[in-house]
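Asker: Okay, predicted coordinates and the sequence, questions at the end:
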Amino acid sequence: MRSINVIDITQKVKDVCITINYEIDPLVRAAFESAKIVEASKIGLNIIDDLIENSEIAKSYKAPICQDTGMIVAFVKLGQEVHIEGGSLEKAIHQGIREGYDEGYLRKSVVSDPLLRSNSGDNTPGVIYYEIAEGDVFEIELAAKGFGSENMSRSKMLKPSDGIEGVKAFVIETVEQAGSNPCPPIVVGVGIGGTLDKAAYIAKKALLRPLGSHHKDEHIEQLELELLDKINKLGIGPQGLGGTTTALAVHADTFPTHIAGLPVVVNINCHASRHQKVVL
Amino acid sequence: MDKIKINTPLTDEVVKALKSGDQVLISGEIFTARDAAHLRLVSLLNEGKELPMDFEGQVVYYAGPSPARPGEVIGACGPTTSYRMDDLTLPLLEKGLKGMVGKGKRNNVVIEGMKRHKAVYFAAIGGAGALIANSIKSNTVVAFEDLGPEALRCLKVENFPAIVVIDAEGNNLYDSEPEKYKK
Ligand code: SF4
């Protein structure tokens, strides 16, 4: 049995909330550089340059990359041989979010009730998922999810006969409809199979994979490549002002499903793709 | 492409000269208002009450900044998605609003209103909040302080970078540009 104290969890969560908002993922930075080589639009190129400059300013001034510093989504992987001591795990995570958003001068963007809509004042709660694993691992993947892109996400219960072509058509339609709203260049997460909720869960989780990495199954890797190519031929471009860099990557994942169904969820993330794993 | 320098408040002359595709640097005062501030402004108008400011010639920026560190003017301050304000925009155009800064498409009601009242829609780069903050020199709350990041604020800006997306004739970069790169 390995013991982990909640104080350490709070500290790590806090640190990650701040870092991911100030410093862009090096893989996103690399993707901007590669996009500059191929981008055909002049305005598009200027925008990518501005995004690179923005990330440099954010890092040196310790300012957030984007004012929408997101709602925290946390994927906890807890080994069954780990003992959490000193208090509640969930409270520790929320305390980390609270301290990170306060001390990091991050925007508090969470309302306590979706209909009454008063701001909770400290960016809590986050959306927390737990997975129980074997052994004594303890990991939390944290994402600060912006809503310009979250709002452009969609789900659809396709028919089994719609097949892979139906999935492709739905993804392309979603990105096309989203247009300039999710701050392209975007990252596209696709969840296929399971139930309605499972498809959404794996789509969100897929967004957290290292940018541009591929699914282990060859047919899904092919799907990712084909979708990325098609999306970048839509013409939307950086900020929707035209160009060939609409998406930086497509990450898809699948789960077994029912004989009668083919759920698909497309979860969109913006270039401010902020996530990091905490390992204790 | 040379960037065009413009000053607020915007005159009809300046507005008419701006063309979709122009890259501009805005200096002067601009006013932040997003979802909640728009709802309040429109309900004040509906109740026949006075607005907290005069919109004649002014530019509204759809933004809700992150908090300023002590000693700094503002935190990150990029644009939010504009379509959420579409249903609440016409009443402000009727009050003399001449410019809007945001990101993303506008609906036809807004575009027709812009043509009628001679106004222009600019896009700022979504997700470039730190870069944009560099052009903001002062930041004061005008009204609705209780709304926090959603308060109505006056920002003094110098060379705030933006792109004319929809001009006062209704030419729209979001329609014309992507077509060119569609394969
Ligand atoms: S969609 Fe992303 S980049 Fe755009 S404003 Fe929201 S968080 Fe920022």
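Answerer: Cool, the structure landed.
Asker: Stretch A:19-39 close to the ligand?
Answerer: No: Stretch A:19-39 does not reach the ligand (C-beta under 6 Å from any ligand atom); its nearest approach is 9.9 Å. Where C-beta positions appear, they are placed from N, C-alpha and C, glycine not excepted.
Asker: Give me the distance between that stretch and the centre of its chain.
Answerer: Relative to the chain's own centre, stretch A:19-39 is displaced by 15 Å; criterion: C-alpha atoms, centre = their mean, to the nearest Å.
Asker: How about stretch A:58-70?
Answerer: Put simply, stretch A:58-70 sits 17 Å off its chain's centre (C-alpha atoms, centre = their mean).
Asker: which residues touch it?
Answerer: A:21-24, A:54-55, A:57, A:101, A:104-107, A:109, A:123, A:143-148, A:270, A:272, A:274, B:63-66, B:69, B:75-78, B:80, B:126-130, B:133, B:149 (C-beta atoms under 8 Å, 6 or more residues apart in numbering or on different chains).
Asker: Recalculate using a threshold of 6 Å.
Answerer: A:21-24, A:106-107, A:144-146, A:272, B:65-66, B:76-78, B:127, B:129-130 (C-beta atoms under 6 Å, 6 or more residues apart in numbering or on different chains).
Asker: Show me where chain B has its strands.
Answerer: With DSSP state E as the criterion, chain B has strands at B:4-7, B:23-32, B:59-61, B:99-102, B:120-123, B:136-143, B:152-166.
Asker: interface residues of chain B facing chain A?
Answerer: B:65-67, B:69, B:75-78, B:81, B:104, B:125-131, B:148-149, B:173-174, B:177-178, B:180-183 (C-beta under 6 Å from any C-beta of the partner chain).
Asker: Return the members of the residues you listed classed as buried.
Answerer: Buried subset of those (neighbour count, 16 or more other C-beta atoms under 10 Å in any protein chain shown): B:65-67, B:75-78, B:81, B:104, B:125-131, B:149, B:173-174, B:177-178, B:181.
Asker: who's in contact with the residue lying closest to A:L196 once chain neighbours are set aside?
Answerer: Nearest residue to A:L196 in three dimensions, chain neighbours excluded: A:P263, at 5.4 Å (C-beta to C-beta, 6 or more residues apart in numbering or on different chains). By C-beta under 6 Å, 6+ apart, the contact set of A:P263 is A:M157, A:L196, A:A199.
Asker: For ChimeraX, write the selection for the buried entries among those.
Answerer: Only the buried entries of these go into this ChimeraX selection, using 16+ other C-beta under 10 Å:
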select /A:199
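Asker: any chance of the contacts of A:P263 in TSV, plus pLDDT, distance to A:I37 and secondary structure?
Answerer: Listed next are the contacts of A:P263 as TSV, based on pLDDT from 0 to 100; distance: C-beta to C-beta, whole Å; DSSP: H, G, I helix; E, B strand; the rest coil:
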residue	pLDDT	distance to A:I37	secondary structure
A:M157	98	40	strand
A:L196	98	40	helix
A:A199	98	35	helix
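Asker: Which parts of chain B are helices?
Answerer: B:12-17, B:35-46, B:90-94, B:108-117, B:129-133, B:173-181 (DSSP state H).
Asker: ok, back up a step: and the strands of chain B as a markdown table, adding distance to the ligand, mean neighbour count and mean pLDDT?
Answerer: As requested, those are exported to a markdown table (distance: least, C-beta to the nearest ligand atom, whole Å; neighbours: other C-beta atoms under 10 Å in any protein chain shown; pLDDT from 0 to 100):
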| stretch | distance to the ligand | mean neighbour count | mean pLDDT |
| --- | --- | --- | --- |
| strand B:4-7 | 24 | 15 | 97 |
| strand B:23-32 | 14 | 20 | 97 |
| strand B:59-61 | 13 | 27 | 98 |
| strand B:99-102 | 10 | 27 | 98 |
| strand B:120-123 | 12 | 26 | 98 |
| strand B:136-143 | 17 | 16 | 96 |
| strand B:152-166 | 15 | 22 | 97 |
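Asker: Out of those strands, which is closest to A:A30?
Answerer: Smallest distance to A:A30 across these (C-beta to C-beta): 24.7 Å, for strand B:152-166.
Asker: gap between that closest one and the chain center?
Answerer: Distance of strand B:152-166 from its chain centroid, counting by C-alpha atoms, centre = their mean, is 7 Å.
Asker: tell me what it is packed against?
Answerer: Contacts defined by 3 or more C-beta pairs under 6 Å, 6 or more residues apart in numbering or on different chains; DSSP states H and E place strand B:152-166 against strand B:23-32, strand B:120-123, strand B:136-143.
Asker: and the closest residue to A:G193 other than its chain neighbours, how many neighbours?
Answerer: Sequence neighbours aside, A:T257 is the residue nearest to A:G193 in space, at 3.9 Å (criterion: C-beta to C-beta, 6+ apart). A:T257 has 16 neighbours, counted by other C-beta atoms under 10 Å in any protein chain shown.
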